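K.L.:
kindly generate the corresponding structure for this input.
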Amino acid sequence: MNYILFDDPQHRDALLPMTFTRPVSELRIGIDTITEKWEAFLNARVSFATQAYLQAKYPLVLASDNLFINGSVCPTPLLVEALAHLPLHTALVQNNILLGYRAETLVANPAELPSLAFNEKLCVLTQCIDIFTKNGEQLRADFQRLTHNRVSQPINDRFTAAYNESQIFIEEGVKIRAAVLNAENGPIYIGKNVNIMEGAKIQGPFAILEGSAINMDGKMRPNTTIGPGCKVGGEISNTVMWGNSNKGHEGFMGNSVIGEWCNWGADTNNSNLKNDYSKVELWSYVTNRYENTGIQFAGLVMGDHSKCGINTMFNTGTVVGVNCNIFGADFQPKHIPSFSWGGGSTFKTYHVRKALQVARAVMERRNKVLDAVEEGILNAIFEQTRPA
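P.N.:
Predicted coordinates for the structure are as follows:
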């Protein structure tokens with residue numbers, strides 16, 4: 001069977017700006033990305049049916065018999081089994097969500113296929129807030145899968161305190177000094193070559209992935225995932241941060257989703273609760289207006305390659321697009337479009353040539369290259385989002 005993860009058009013647009021730069025299945029929730037989860041469950045590589053400008057980086061591979069899987073759906077054993085037994089030219093659905101279908105090629109309107117119903121509760125990403133509101137349950141599920149029948153590396157530092165150590169898993173090459181790891185309310189996963197510095201405090205469920213570091217006295221609260229190659233400090237709560245992003249200094253980050261190659265200046269903070277305790281409105285790329293999320297706690301959504309200067313203040317329910325450069329002492333607008341440069345009430349277009357120059361320099365510091373494919377993606381996003 002050939003496996004293809006496809007972007008559900010409705011979900012993809014509702015998950016912007018995070019899906020400007022990646023297929024839906026490349027979103028991280030829990031420990032792994034959805035792609036990584038599916039490849040682990042299927043024990044096979046997958047390809048992608050996504051936006052045309054992303055296909056050079058995320059190619060589509062077709063065969064004579066293909067299983068197309070909704071990339072916004074996290075796998076479970078029962079779902080994998082149901083999809084494996086789908087007859088040719090048949091779809092699997094749950095309520096109004098197409099979970100997958102089997103066909104020789106992409107089907108223009110899979111809703112017209114004969115369908116079977118699937119009733120098990122699933123984790124489906126339909127909007128950006130799902131990434132942090134559902135992160136705790138996926139952290140627990142990924143922890144059980146990734147650590148099953150494996151033995152953790154020991155905690156050898158005599159000044160580190162560990163609570164409920166059976167729910168703490170440490171990969172090879174980890175360095176921990178005088179930290180507190182509390183897994184009484186959820187598991188803690190520490191990836192390869194992570195550095196946890198003196199005074200760091202971690203409450204599970206929590207994951208930090210390969211090559212990342214928690215600075216001295218960092219406070220990592222529950223339901224938080226730190227991707228690979230990140231440097232974090234201050235206080236972080238119920239947040240998912242993609243790889244190669246930094247929040248190295250004091251300041252609060254909470255109920256947020258932070259893309260790749262982002263940077264927070266020292267003492268930057270985001271609010272995650274309104275003063276009147278009302279439900280938070282968030283900018284929608286589907287309706288082009290603010291929509292009520294129905295939840296009280298919502299912080300910041302920040303697309304890839306966006307950065308902010310020291311002492312930046314983000315209001316409750318702020319959405320920042322791709323490749324923004326933000327600075328200034330005032331509260332920032334609650335929606336900052338992609339390729340914006342400025343702060344407060346004064347913004348101008350961040351010219352793509354300058355934006356690529358900065359992105360190139362940032363990636364070179366991590367021994368990464370901004371190649372022609374990556375440049376093509378950022379150029380395409382600039383053309384899509386630039387003012388008329």
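
K.L.:
for the residue lying closest to residue 232 once chain neighbours are set aside, give me the pLDDT.
P.N.:
Leaving aside its chain neighbours, residue 232 sits nearest to residue 247 (5.1 Å; criterion: Cβ to Cβ, 6 or more residues apart in numbering). The C-beta positions use only the backbone N, C-alpha and C, and glycine is treated the same way. Looking at residue 247, its pLDDT is 98.

K.L.:
residue 247: neighbouring residues, count only.
P.N.:
By the measure other Cβ atoms under 10 Å, the count of residues near residue 247 is 28.

K.L.:
am I right that residue 359 sits in a strand?
P.N.:
No: counting by DSSP: H, G, I helix; E, B strand; the rest coil, residue 359 falls outside a strand, being helix.

K.L.:
residues in contact with it?
P.N.:
If a contact means Cβ atoms under 8 Å, 6 or more residues apart in numbering, then residue 359 has 261, 305, 323, 370, 374, 378 as its contacts.

K.L.:
which of the residues you listed lies closest to residue 355?
P.N.:
Residue 355 has its nearest neighbour among the contacts of residue 359 in residue 323, at 4.6 Å by Cβ to Cβ.

K.L.:
what's the helix or strand for that closest one?
P.N.:
Following DSSP states H and E, there is no helix or strand that holds residue 323.

K.L.:
who's in contact with it?
P.N.:
Per Cβ under 8 Å, 6+ apart, neighbours of residue 323: 303, 304, 305, 306, 338, 339, 350, 355, 359, 378, 381, 382.

K.L.:
quick revisit: relative to residue 175, how far out is the residue nearest to residue 232?
P.N.:
20 Å (Cβ to Cβ, to the nearest Å).

K.L.:
over to residue 159?
P.N.:
Taking Cβ to Cβ as the measure, residue 159 falls 13 Å from residue 175.

K.L.:
same deal with residue 268?
P.N.:
Look at residue 268 and residue 175: by Cβ to Cβ, they are 27 Å apart.

K.L.:
higher neighbour count, those two?
P.N.:
residue 268 (23 against 12).

K.L.:
and that one, what does it touch?
P.N.:
Residue 268 makes contact with 247, 249, 251, 253, 308, 309, 310, 311, 312, 313, 314, according to Cβ under 8 Å, 6+ apart.

K.L.:
tell me the contacts of the nearest residue to residue 90 once chain neighbours are set aside?
P.N.:
Nearest residue to residue 90, sequence neighbours excluded (Cβ to Cβ, 6+ apart): residue 114, at 5.4 Å. By Cβ under 8 Å, 6+ apart, the contact set of residue 114 is 89, 90, 91.

K.L.:
which SS class is residue 80?
P.N.:
Classification of residue 80 using three-state DSSP returns helix.

K.L.:
actually, residue 119.
P.N.:
Three-state call for residue 119 (three-state DSSP): coil.

K.L.:
can you pull the contacts of it?
P.N.:
Counting by Cβ under 8 Å, 6+ apart, the residues that residue 119 touches are residue 94.

K.L.:
can you tell me how far it sits from residue 77?
P.N.:
Counting by Cβ to Cβ, the gap from residue 119 to residue 77 is 15 Å.

K.L.:
swap in residue 290?
P.N.:
39 Å.

K.L.:
just residue 117 next, same as before
P.N.:
18 Å.

K.L.:
go on, residue 99?
P.N.:
Taken as Cβ to Cβ, the span from residue 99 to residue 77 is 14 Å.

K.L.:
residue 232 now?
P.N.:
In terms of Cβ to Cβ, residue 232 sits 33 Å off from residue 77.

K.L.:
the more surrounded of the two?
P.N.:
More crowded of residue 232 and residue 77, by other Cβ under 10 Å: residue 232, with 27 against 10.

K.L.:
the more buried one: what's it in contact with?
P.N.:
208, 212, 213, 214, 215, 218, 220, 226, 241, 246, 247, 248.

K.L.:
identify the bridge partners of the fourth one.
P.N.:
Beta-bridge pairing of residue 214, defined through DSSP bridges, involves residue 196, residue 232.

K.L.:
what about it, how many residues close to it?
P.N.:
Residue 214 sits with 27 neighbouring residues when counted by other Cβ under 10 Å.

K.L.:
let me see the contact set for it.
P.N.:
By Cβ under 8 Å, 6+ apart, the contact list for residue 214 reads 179, 194, 195, 196, 197, 200, 202, 208, 220, 226, 232, 233.

K.L.:
residue 350 contacts residue 336, correct?
P.N.:
No: using Cβ atoms under 8 Å, residue 350 is not in contact with residue 336; the gap is 10.4 Å.
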